[in-house]
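S.K.: Provided below are the primary sequence and the corresponding predicted coordinates.
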Amino acid sequence: MSNHQIDEYELGERVRTWFKENSGSLITGIALGLACIAGAQWWLGNGEKHKSEASMQYQAFLQAAEKTDTAKAKIVLALLESKYSDTPYLNFAVLRQAELLQSAQKNDEALKLLQANVGKIDDPSVKELFQLRIARLQLISGKADLALKAVSGIKESIYPASLEEIRGDAQLALGKRELASQAYVKALTALDEAAPIRNLIELKLIEAGGSVPAKPGA
């Protein structure tokens, strides 16, 4: 094996390792931000007692999640679903629970949880988060074709960088390097120059055989 081939292999392995360890970070960060905004908006427009109870249960859920107490988090999630499904807290609790399950190597359970709830969501920004997370779990499970299917219905993306990164990962897994490169370029185009994840996507683009676009003014 030539040095060039070794370098390409090592690059690929580093990208895959980083991706496995950090795949949910961007989506989770977006979800937490939206949870704060949606919770505040809902708080202003609904009854005091109900919203106070929902908020308290959501905080209890977050505390359980922070301690990686999957069992307790599941119990509180069921309570949110049965009594507070009219609040924005349920959807974000589902996303966090899915992350907990994934961390516990229970990818199939995480996937089933997300798929059972995605059709109930009206907010397009939250629905897309669910679709992206479903696609990511399909990729982790080695089902790149199903990952592409999970995001195929997204026409006007609210998170284009994340969407195109997932499409690139799926196409690369399917051996379609040119399509993967095109998706990664779109992801880079949608990202701010200072975005922390930019370097990772550039590495993925290089692994796919593409060239990193020149930066403005370069």
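M.R.: Alright, I've got the coordinates.
S.K.: Count the residues that sit near Leu156.
M.R.: Wrong residue type there; residue 156 is Glu, not Leu. The local packing count at Glu156 equals 7, with neighbours defined by other C-beta atoms under 10 Å. Just so you know, the C-beta spots here come from the backbone N, C-alpha and C atoms, and that holds for glycine as well.
S.K.: what does Ser211 give?
M.R.: Based on other C-beta under 10 Å, the number of other residues close to Ser211 is 10.
S.K.: Tell me the confidence at it?
M.R.: Per-residue confidence at Ser211 stands at 92 (pLDDT).
S.K.: and what of Gln102?
M.R.: Per-residue pLDDT puts Gln102 at 88.
S.K.: That one: neighbouring residues, count only.
M.R.: Per other C-beta under 10 Å, the neighbour tally for Gln102 reads 19.
S.K.: any idea which element it lies in?
M.R.: Using DSSP states H and E, the secondary-structure element containing Gln102 is helix 89-103.
S.K.: Show me what the helix or strand following that helix is packed up against.
M.R.: Sequence order places helix 107-118 as the next helix or strand after helix 89-103, per DSSP H and E. Secondary-structure packing of helix 107-118 (3 or more C-beta pairs under 8 Å, 6 or more residues apart in numbering; DSSP states H and E): helix 89-103, helix 124-140.
S.K.: In JSON lines, list these along with distance to Lys49.
M.R.: JSON lines is the format used below for these (distance: least, C-beta to C-beta, whole Å):
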{"stretch": "helix 89-103", "distance to Lys49": "15"}
{"stretch": "helix 124-140", "distance to Lys49": "25"}
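S.K.: Mean pLDDT lowest where, among these?
M.R.: When these are compared on average pLDDT, helix 89-103 comes out lowest at a mean of 88.
S.K.: ok, and for that one, which residues are buried?
M.R.: Within helix 89-103, the residues that qualify as buried are 89-102, counting by 16 or more other C-beta atoms under 10 Å.
S.K.: roughly how far apart are the spatially closest residue to Glu193 that is not a sequence neighbour and Lys112?
M.R.: Nearest non-adjacent residue to Glu193, counting by C-beta to C-beta, 6 or more residues apart in numbering: Lys215, 6.6 Å away. Lys215 sits 42 Å away from Lys112, taking C-beta to C-beta, to the nearest Å as the criterion.
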